[in-house]
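1. Coordinates for the following, if possible.
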Amino acid sequence: MRNKAGFCLGYSGPEWDKKIQDKDNPNFWKYGVANLVFSDLIKERKRLLDVGCGTGGLTLFLAEQQQSDYILGVDPVRSMIEVARQNALQMSLNHKVDFVVCDGRRLPFRRSCFDALVSRGDAFVFLVPQKKAVRVFKRVLEKGGMVVIEIDNVRWKPGKIVSCGFEKMMDGAIAYSVERFDVRRNHVKVYYVLNPQSTIAKKISADDEFFRTGRLKRESALEEITEATVETRHGAVTHWPTVEEMRMLFRRGGFTSIEIFGDGLLMGLLQQGYNKVTKAMKRQPELFFEMERRLVPFIDPRKAHTIILKAMVPSFH
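-> Purely as a prediction, here's the structure:
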């Protein structure tokens, strides 16, 4: 699937919705904690905008938890919005929320119509150039409005190949994907779409793990891959700002009272493969979420797995 900007996107709405409800997926834990932290930070806000809402996880959580009048979720991927609308109907929250297909850098709303803007799950890193996105955020927020954003605190070394392996694309094609992190902290993903009749494609399609999951982490010689490639596609370029860069972006964008929190202390144990911790977390996820929520004030954001920014629009703008 490609969005309007032509970027190749990795998941459809139904696939993503299923994935983030899976306790074996790190995002299940990351988002569960973020929901609580966001709810704490935006108390008493009445008109909320959720940028990069995906299938509506945060939007609908806030609709249940907050006494807000109206919440609007936006995302550039139509299938995400379709699933979000279905979820709202199933939860009987469609009277309180709406979902719209649009890009967070080009919000089609009038000036000063929301009093809070939220963005969870790394959506902000896709909004390149981010300084433009920050200006747009400020435009749609009223005086005294608040923005809260969550992203991973990526610490890959410049030039690092982050990941490589085989993936089944949305159109059924098999591709070899290579993810790189460059010196400007941009993350780039290239898909080498294989000839279905090639020896490599036939071998991968017969693999049990690939058949089950549509993904196979395996490093292959790029020379061999390119010989079997019939098309090259490029994923969305993302930019992963540091803690200080985030602070500077919003300061220069006209925001004040900027605070950045660290998150994900226990998430680190999960990612490091501590089996006993993981089993305990799966038995009581709500307890894990609450523990992480309480740890947030004590974590150094520069060393955290996840960072959450809160900033305000000046009351006199």
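2. Now for residue 263: which residues touch it?
-> Residues near residue 263 by CB atoms under 8 Å, 6 or more residues apart in numbering: 33, 34, 37, 150, 292, 296, 299, 304, 305, 306, 307, 308. For glycine as for every other residue, the C-beta is placed from the backbone atoms N, C-alpha and C.
3. List just the nearest of these to residue 264.
-> For these, the minimum distance to residue 264 (CB to CB) is 3.2 Å, reached by residue 305.
4. Spatially, what comes nearest to the closest one if we skip its sequence neighbours?
-> Take residue 305 and drop its neighbours on the chain: the residue closest to it by CB to CB, 6 or more residues apart in numbering is residue 264, 3.2 Å away.
5. wouldn't that neighbour be in contact with residue 301 here?
-> No: under the contact definition of CB atoms under 8 Å, residue 264 does not touch residue 301, with a separation of 10.3 Å.
6. which of these two has more neighbours?
-> Of the pair residue 264 and residue 301, residue 264 is the one with more neighbours under other CB atoms under 10 Å, namely 25 against 21.
7. thinking again about what came up before, go through the contacts of residue 263 and flag which are in helices.
-> Among these, the ones falling in helices (DSSP state H) are 33, 34, 37, 292.
8. Buried residues in stretch 93-105, which are they?
-> Applying a neighbour-count criterion of 16 or more other CB atoms under 10 Å, the buried positions in stretch 93-105 are 93, 94, 96, 97, 98, 99, 103, 104, 105.
9. how about the strands of the stretch 151-300 of the chain, start to end?
-> For the stretch 151-300 of the chain, the strands identified by DSSP state E, counting those that start in this stretch occupy 160-168, 174-181, 186-194, 215-216, 229-234, 238-239, 256-263, in order along the chain.
10. mind giving me JSON lines with those and columns for mean pLDDT and distance to residue 114?
-> As requested, those are arranged in JSON lines below (pLDDT from 0 to 100; distance: least, CB to CB, whole Å):
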{"stretch": "strand 160-168", "mean pLDDT": "89", "distance to residue 114": "34"}
{"stretch": "strand 174-181", "mean pLDDT": "92", "distance to residue 114": "33"}
{"stretch": "strand 186-194", "mean pLDDT": "93", "distance to residue 114": "29"}
{"stretch": "strand 215-216", "mean pLDDT": "90", "distance to residue 114": "37"}
{"stretch": "strand 229-234", "mean pLDDT": "93", "distance to residue 114": "33"}
{"stretch": "strand 238-239", "mean pLDDT": "93", "distance to residue 114": "24"}
{"stretch": "strand 256-263", "mean pLDDT": "96", "distance to residue 114": "17"}
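11. what comes up buried for the helix or strand harbouring residue 61?
-> When elements are assigned from DSSP states H and E, residue 61 belongs to helix 57-65. Buried positions in helix 57-65, judged by neighbour count with 16+ other CB under 10 Å: 57, 58, 59, 60, 61, 62, 63.
12. And stretch 306-317, by the same measure?
-> By 16+ other CB under 10 Å, the buried positions in stretch 306-317 come out as 306, 307, 308, 309, 310, 311, 312, 313.
13. now stretch 108-127
-> Buried residues in stretch 108-127, counting neighbours by 16+ other CB under 10 Å, are found at 113-127.
14. Stretch 192-207 too?
-> Neighbour-count burial for stretch 192-207 flags 192, 193, 194, 195, 198, 200, 201, 204 (criterion: 16+ other CB under 10 Å).
15. Is residue 97 bridged to anything, and to what?
-> Beta-bridge pairing of residue 97 under DSSP bridges involves residue 71.
16. thinking again about what came up before, so which of the strands of the stretch 151-300 of the chain is nearest residue 24?
-> Go through the strands of the stretch 151-300 of the chain one by one with CB to CB and the one that ends up closest to residue 24 is strand 215-216, at 13.3 Å.
17. Could you list the residues in contact with the closest one?
-> With CB under 8 Å, 6+ apart as the test, strand 215-216 has contacts from 165, 166, 167, 168, 204, 207, 209, 210.
18. Can you tell me how far the closest residue to the fifth one other than its chain neighbours is from residue 210?
-> Okay, so that is residue 204. The shortest distance from residue 204 to any residue other than its chain neighbours is 4.9 Å, reached at residue 166 (CB to CB, 6+ apart). Noted for residue 166: a distance of 6 Å to residue 210, by CB to CB, to the nearest Å.
19. So which of these two has more stuff around it?
-> A count of neighbours by other CB under 10 Å puts residue 166 above the other of residue 166 and residue 210, at 25 against 19.
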